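K.L.:
quick one, structure for this:
(one chain, ligands or ions: 2)
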Amino acid sequence: MRTQVVIIGSGPSGLMLGALLSKSGIDNIIIDRVDRDYILGRIRAGVLEVGAIGLMDRIGAGERMHREGLLHDGFSLSFSGRRHRIALKELTGTSVMVYGQTELTRDLMDHREQSGAKTIYNAGNVTPHEFDGEKPYVTYERDGVTHRIDCDFIAGCDGYHGPSRSAVQGKGLQTYEKVYPFGWLGVLADVPPVHHELIYANHARGFALCSQRSPTRSRYYVQVPLTDKVEEWSDDAFWDEIRRRVPEDVAQSMVTGPSIEKSIAPLRSFVAEPLRFGRLFLVGDAGHIVPPTGAKGLNLAASDVHYLFAGLEEFYGEKSKAGIDAYSARALRRIWKAERFSWSMTMLMHRFPDDGEFGQKVQEAELDYLASSVPAQTAMAENYVGLPY
Ligand code: FAD
Ligand code: DHB
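P.N.:
Numbers count the residues shown, from 1 in each chain. Ligands and ions are numbered 1, 2, ... in the order given. Next up, the predicted model:
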């Protein structure tokens with residue numbers, strides 16, 4: 001088999017890149033380790049920046065997103081018994097959209113199926129080869145048979161645990177990492193959201209977040225120790241805990257119900273440099289991870305795709321390598337700013353077991369400053385809605 005670009009991974013980054021390439025007449029094949037239903041069963045991000053929305057429109061897959069997505073003009077921070085709204089739209093002129101990663105992925109998969117572009121699911125032992133040279137290829141196994149796809153480029157859109165980053169180990173790869181001493185326990189439930197906007201809560205018992213997916217579906221999170229097991233958290237225990245961590249009026253009006261998904265995600269900051277190794281590119285979570293506090297993971301995947309697509313389009317259209325040569329540096333400039341923001345919002349909003357009362361007092365002072373300073377709120381809002389591509 002031969003194609004122009006092999007895309008490893010059928011998550012948001014692989015699907016967005018595949019759609020843009022197909023639209024430009026650049027042939028591509030997506031290969032994933034699991035199947036469509038498994039991918040759609042993963043509950044992840046919920047907030048889209050304007051750049052990600054624009055990419056969905058450019059692909060031609062944004063119709064349902066605009067119909068069902070909820071535009072949010074602000075969010076609230078709760079701390080020390082107070083609540084402060086960050087007026088995103090007023091401060092930056094821009095809103096964000098609440099539209100779940102599951103729905104965005106479903107739209108992109110439907111769009112790909114309609115376009116007739118090829119996706120190979122349930123592929124075992126996917127491995128990139130010879131990307132240092134001019135003739136890279138990817139091998140995979142299905143039903144006990146090894147297959148080979150020759151290509152011009154390999155896009156590693158295969159997430160944090162995928163084979164693309166493993167393949168560049170020892171080839172000049174540098175990694176930067178910070179692991180946080182806690183995780184997020186998330187619950188998805190078919191109950192109306194407690195508030196029309198998101199509430200991020202700093203509380204003595206730990207961080208909490210009230211988010212949503214639709215007018216009838218809520219997503220809530222609480223900070224938990226890494227030693228906690230999801231099986232040990234009953235729905236009742238979860239609802240009791242989140243109600244302790246949010247303002248009293250919010251707790252009182254929170255509608256609870258049976259969870260339809262419950263999971264614990266560890267928090268990590270991670271960046272791989274560079275993002276290009278010959279004819280192989282790292283894209284999205286394959287190249288970087290942010291802690292979820294600023295809702296940046298999926299949005300960074302979108303900006304990587306924007307830069308890489310521009311480079312590949314230039315390569316095939318204008319026969320120029322300038323764009324692909326610039327991909328890593330262009331993407332990393334934006335990635336590091338989102339890493340900084342996600343780290344700082346995580347530090348501001350969580351309880352750190354080793355920081356004690358001093359750490360708590362510093363957080364309170366920073367939140368108090370934020371609530372009294374329009375420039376500080378503007379800086380937070382500008383980063384939250386997403387820096388320009
Ligand atoms: P992924 O979505 O991880 O897609 C990678 C794809 O590669 C997958 O389909 C996978 O099956 C495939 N793959 C992996 N290994 C192989 C292999 N060996 N061979 C072939 N294919 C392979 N972000 C937020 O903004 N808010 C959140 O609340 C949030 N929650 C998260 C919770 C969890 C548990 C995780 C892991 C991430 C979360 N994120 C969140 C981050 C966000 O979901 C990611 O940034 C986003 O999914 C990145 O998209 P991607 O396409 O780069 O990677
Ligand atoms: C969601 C996740 C986030 O990390 C965030 O900052 C906001 C919303 C969510 O899953 O809804």
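K.L.:
what's the burial count for the residue lying closest to E364 once chain neighbours are set aside?
P.N.:
The spatially closest residue to E364, leaving aside those adjacent along the chain, is S80, at 5.6 Å (C-beta to C-beta, 6 or more residues apart in numbering). In this view, the C-beta of every residue, glycine as well, is placed from N, C-alpha and C. S80 sits with 14 neighbouring residues when counted by other C-beta atoms under 10 Å.
K.L.:
domain map for the chain?
P.N.:
What automatic domain parsing lists as the domains of the chain is 5-73+94-177+268-346, 180-265+352-385.
K.L.:
tell me which of those domains is the most buried.
P.N.:
With neighbours defined as mean count of other C-beta atoms under 10 Å, the domains of the chain peak in mean count at domain 5-73+94-177+268-346, which reaches a mean of 20.
K.L.:
now find how far off-centre that one is within its chain.
P.N.:
Relative to the centre of its chain, domain 5-73+94-177+268-346 is centred 11 Å away, using C-alpha atoms, centre = their mean, to the nearest Å.
K.L.:
do stretch 262-279 as well
P.N.:
Once both centres are worked out by C-alpha atoms, centre = their mean, stretch 262-279 turns out to sit 10 Å from its chain's centre.
K.L.:
what segments of the stretch 1-150 of the chain are strands?
P.N.:
5-8, 28-31, 47-48, 70-72, 75-79, 82-86, 96-98, 118-120, 124-129, 137-142, 145-150 (DSSP state E, counting those that start in this stretch).
K.L.:
contacts for the first one?
P.N.:
Strand 5-8 is contacted by residues 14, 17-18, 21, 26-32, 126, 128, 136-138, 149, 151-158, 162-164, 312 when judged by C-beta atoms under 8 Å, 6 or more residues apart in numbering.
K.L.:
ok, it near ligand 1 or not?
P.N.:
Yes. Strand 5-8 lies within reach of ligand 1 by C-beta under 6 Å from any ligand atom, at I8.
K.L.:
and the residue in the stretch 51-200 of the chain positioned nearest to ligand 2, how far is that from ligand 1?
P.N.:
Residue of the stretch 51-200 of the chain nearest ligand 2, by C-beta to the nearest ligand atom: L198 (5.7 Å). Relative to ligand 1, L198 is positioned 11 Å away (C-beta to the nearest ligand atom, to the nearest Å).
K.L.:
do A301 as well
P.N.:
Plainly put, A301 is 4 Å away from ligand 1 if you go by C-beta to the nearest ligand atom.
K.L.:
now for that residue: which residues touch it?
P.N.:
Here A301 is in contact with G11, P12, S13, M16, C157, V283, G284, D285 (C-beta under 8 Å, 6+ apart).
K.L.:
now with 6 Å?
P.N.:
Shown in contact with A301 (C-beta atoms under 6 Å, 6 or more residues apart in numbering): P12, S13, G284.
K.L.:
if we check ligand 1, which of those are in contact?
P.N.:
Within the set of those, contact with ligand 1 (C-beta under 6 Å from any ligand atom) is found for P12, S13, G284.
K.L.:
so the first one versus ligand 2, what's the distance?
P.N.:
In this structure, P12 lies at 14 Å from ligand 2, with C-beta to the nearest ligand atom as the measure.
K.L.:
okay, the domains of the chain in TSV with mean pLDDT next?
P.N.:
What follows is the domains of the chain, written out as TSV (pLDDT from 0 to 100):
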stretch	mean pLDDT
domain 5-73+94-177+268-346	97
domain 180-265+352-385	97
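K.L.:
in TSV: these, plus distance to A87.
P.N.:
Converted to TSV, the domains of the chain look like this (distance: least, C-beta to C-beta, whole Å):
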stretch	distance to A87
domain 5-73+94-177+268-346	7
domain 180-265+352-385	7
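K.L.:
wait, which of those domains is closest to R85?
P.N.:
Of all the domains of the chain, it is domain 180-265+352-385 that lies closest to R85, at 7.6 Å by C-beta to C-beta.
K.L.:
off-centre distance for the closest one?
P.N.:
So, by C-alpha atoms, centre = their mean, the centroid of domain 180-265+352-385 is 18 Å from its chain's centroid.
K.L.:
OK, contacts around the nearest residue to K229 once chain neighbours are set aside?
P.N.:
Distances taken as C-beta to C-beta, 6+ apart put I264 closest to K229, at 7.8 Å, once the chain neighbours are dropped. Residues in contact with I264 (C-beta under 6 Å, 6+ apart) are G183, L185, V230.
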